[in-house]
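**Student:** sequence-free structure coming up:
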């Protein structure tokens, strides 16, 4: 019966940013264009792409997807259909119906992403954000602007990359009252703690995570828990409608964890993890990110390496855990596609 | 936007069977009636209940839900609104729009559930089954009958109780090609193997599982893998549209696993689990249930006790695992509710 529900409208996409996630998304869209039309009545064109270093491309009827893939794969400059627009101009002036925000994440003022989102909503365009900034820093404002114009503000790509947490919560747990969650939301710190379990020192594990590209440019974002904090704020705001501010969440990183802690936990049959917790008991809300010694029987204790996981506490099912990738261009590109499909069915509020 | 999508029609429910799952369902429906109407525009009446031992109750305008809960909780006889109908009569003659099939499971001929389903589809009624028989033994026939009349044939309650596997697959993994799954689908055998990990003999663990009520009346259904086999067949047919027959699936139970095996695996850093596998590689399909020695890094190795889990292999996300309860009246009652909500949105095909 899905066939009766899809919007017949073709989605016109503008991409802000053309890095790893955009590349993953373009590859997926190229591979799956026919299947997406057949199975989900999802039709689209990418009409515009804006970057800081390569400028902006725009064609109101759609840019060639295979050419975009070629550009992405080979990191080639933009030479066709170029426009003297920055991202904001592109959002304002293009005929896009949905803007995919993949610019640089900033947790202080979330700029320039916040301006991109505001401009999109002002001009009646949906936002799908892979950028954690807007939802972490200004969720309530964003949501209000979006609602005012009947626009979507979708953030599946911001937490657990493509592992479909938002979709699972909003759809598959329907009918449950969810009283909270506990999650391993940052892959880099989980990799480091997993390495320390096998004998590495903190510094050795940190170095290895850096070499493998798991850490943000500013490694403090991972190590000190800011990344997990932002993700927890997004979950609290988007899934639980809690109007949580980043400063409402207690935060402690993993920099103080040493082999002595790891060994002591092991002797107790436990394991250190950086756990993000949201617990809602009536008006009492606990929101925190901190290292915890978990019993090995806790499903989160078994999530190792760069895997991420969230356990939801529900009234009808007890605990249900979803475990999957927490990073990756293709995986995060899929998260954007998942939001595009949500947009297509109109199941956003 | 959900508000714009629900069917305005009130669902008229007939229950076949009034045991643990029906009790769980009635409790949930009583607790959540207002929320279900407000959040999902889901409205219903239970118009009929048929049992083998207590006869049948029927009222075309709906039986009192609080009275049904009283009867379920106290195991009281049916004295009001009784009818001289068996389940088949009830399905045929009542004004129900949806039949919830919770009668005794039979894996040989799936009766009487199969007749109940046939009668429901013949008379244009949807089927939500908590009974594994119809989907395991005659999926293709059932689906064809259902499609012919535009009816739903929904089976969320048959696998992982309320853990929303079908919903997750059909909705949250949209856009992925799923190439297979591996699952721990039987709680009793997983409990026994977990007990053996902590030193119990097979016989001791079996006895304990029996005492705790985890085993089917015929314990061979669990121990010899028939229950997991039926569930795998349902997943293969319902999710992957494979027209798999029970006899197409290789089956091996856990009766041959001894402490010697458990110990030997431990020395290799591994753990025995009863794993159901479905692997699709073009035309080549592998479907089997058998004990496997899993590396401890395998998410399924960490699913202990009566928990169940399924890992889906996807083209865009790699492996994604969902872990949750595999049994329980309230949990399985929730699975039925989940199917009722699917019915309400019309998202079945």
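**Tutor:** Everything's here; your move. Model, not experiment: these values are computed from the prediction.
**Student:** now the spatially closest residue to residue A:124 that is not a sequence neighbour: how far from chain B?
**Tutor:** Of all residues not flanking residue A:124 in the chain, residue A:149 sits nearest, at 5.1 Å (Cβ to Cβ, 6 or more residues apart in numbering or on different chains). C-betas here are computed from N, CA, C, even on glycine. To chain B, residue A:149 is 14 Å away according to Cβ to the nearest Cβ, to the nearest Å.
**Student:** what's residue A:149 in contact with, if anything?
**Tutor:** By Cβ atoms under 8 Å, 6 or more residues apart in numbering or on different chains, the contact list for residue A:149 reads A:121, A:122, A:124.
**Student:** what kind of secondary structure is the last one in?
**Tutor:** For residue A:124, the secondary structure call by DSSP: H, G, I helix; E, B strand; the rest coil comes out as coil.
**Student:** for it, give me its contacts.
**Tutor:** Applying Cβ under 8 Å, 6+ apart to residue A:124 gives the contacts A:149, A:150, A:151.
**Student:** strands of chain A, start to end?
**Tutor:** A:11-16, A:44-50, A:56-58, A:82-83, A:98-101, A:126-129, A:153-154, A:178-184, A:250-251, A:270-281, A:284-295, A:307-314, A:318-325 (DSSP state E).
**Student:** out of those strands, which comes closest to chain B?
**Tutor:** strand A:318-325 (4.0 Å; Cβ to the nearest Cβ).
**Student:** what's the closest one packed up against?
**Tutor:** strand A:307-314, strand B:318-325 (3 or more Cβ pairs under 8 Å, 6 or more residues apart in numbering or on different chains; DSSP states H and E).
**Student:** can you give me the helices for chain A?
**Tutor:** For chain A, applying DSSP state H gives helices covering A:20-40, A:65-74, A:87-93, A:113-122, A:132-148, A:165-167, A:187-197, A:202-211, A:220-223, A:226-238, A:259-267, A:329-345.
**Student:** if we can go back for a sec, which one of the helices and strands packed on strand A:318-325 lies closest to residue A:341?
**Tutor:** Taking Cβ to Cβ, strand B:318-325 is the member of the helices and strands packed on strand A:318-325 nearest to residue A:341, at 16.2 Å.
**Student:** phi, psi for the residue nearest to residue A:124 please.
**Tutor:** phi -100, psi 10 (degrees, to the nearest 10).
**Student:** that older thread, let me have the strands of chain A in JSON lines, extended by mean pLDDT and mean neighbour count.
**Tutor:** Putting those into JSON lines (pLDDT from 0 to 100; neighbours: other Cβ atoms under 10 Å in any protein chain shown) gives the following:
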{"stretch": "strand A:11-16", "mean pLDDT": "98", "mean neighbour count": "24"}
{"stretch": "strand A:44-50", "mean pLDDT": "98", "mean neighbour count": "25"}
{"stretch": "strand A:56-58", "mean pLDDT": "98", "mean neighbour count": "23"}
{"stretch": "strand A:82-83", "mean pLDDT": "97", "mean neighbour count": "15"}
{"stretch": "strand A:98-101", "mean pLDDT": "98", "mean neighbour count": "27"}
{"stretch": "strand A:126-129", "mean pLDDT": "98", "mean neighbour count": "28"}
{"stretch": "strand A:153-154", "mean pLDDT": "98", "mean neighbour count": "24"}
{"stretch": "strand A:178-184", "mean pLDDT": "98", "mean neighbour count": "22"}
{"stretch": "strand A:250-251", "mean pLDDT": "97", "mean neighbour count": "15"}
{"stretch": "strand A:270-281", "mean pLDDT": "97", "mean neighbour count": "21"}
{"stretch": "strand A:284-295", "mean pLDDT": "96", "mean neighbour count": "18"}
{"stretch": "strand A:307-314", "mean pLDDT": "97", "mean neighbour count": "24"}
{"stretch": "strand A:318-325", "mean pLDDT": "96", "mean neighbour count": "23"}
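**Student:** quick revisit: adding mean neighbour count and mean pLDDT, write the helices of chain A out as a markdown table.
**Tutor:** Formatted as a markdown table, those follow (neighbours: other Cβ atoms under 10 Å in any protein chain shown; pLDDT from 0 to 100):
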| stretch | mean neighbour count | mean pLDDT |
| --- | --- | --- |
| helix A:20-40 | 19 | 97 |
| helix A:65-74 | 15 | 95 |
| helix A:87-93 | 20 | 98 |
| helix A:113-122 | 23 | 98 |
| helix A:132-148 | 20 | 96 |
| helix A:165-167 | 26 | 97 |
| helix A:187-197 | 24 | 96 |
| helix A:202-211 | 16 | 95 |
| helix A:220-223 | 20 | 94 |
| helix A:226-238 | 25 | 97 |
| helix A:259-267 | 14 | 96 |
| helix A:329-345 | 24 | 97 |
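**Student:** show me which residues of the stretch 151-300 of chain A sit near chain B.
**Tutor:** Contact residues, the stretch 151-300 of chain A versus chain B (Cβ under 8 Å from any Cβ of the partner chain): A:162-164, A:167-168, A:171-176, A:297, A:299.
**Student:** between the residues you listed, which has the most around it?
**Tutor:** When these are compared by neighbour count (other Cβ atoms under 10 Å in any protein chain shown), residue A:162 ends up highest, at 31 neighbours.
**Student:** thanks a lot, catch you later.
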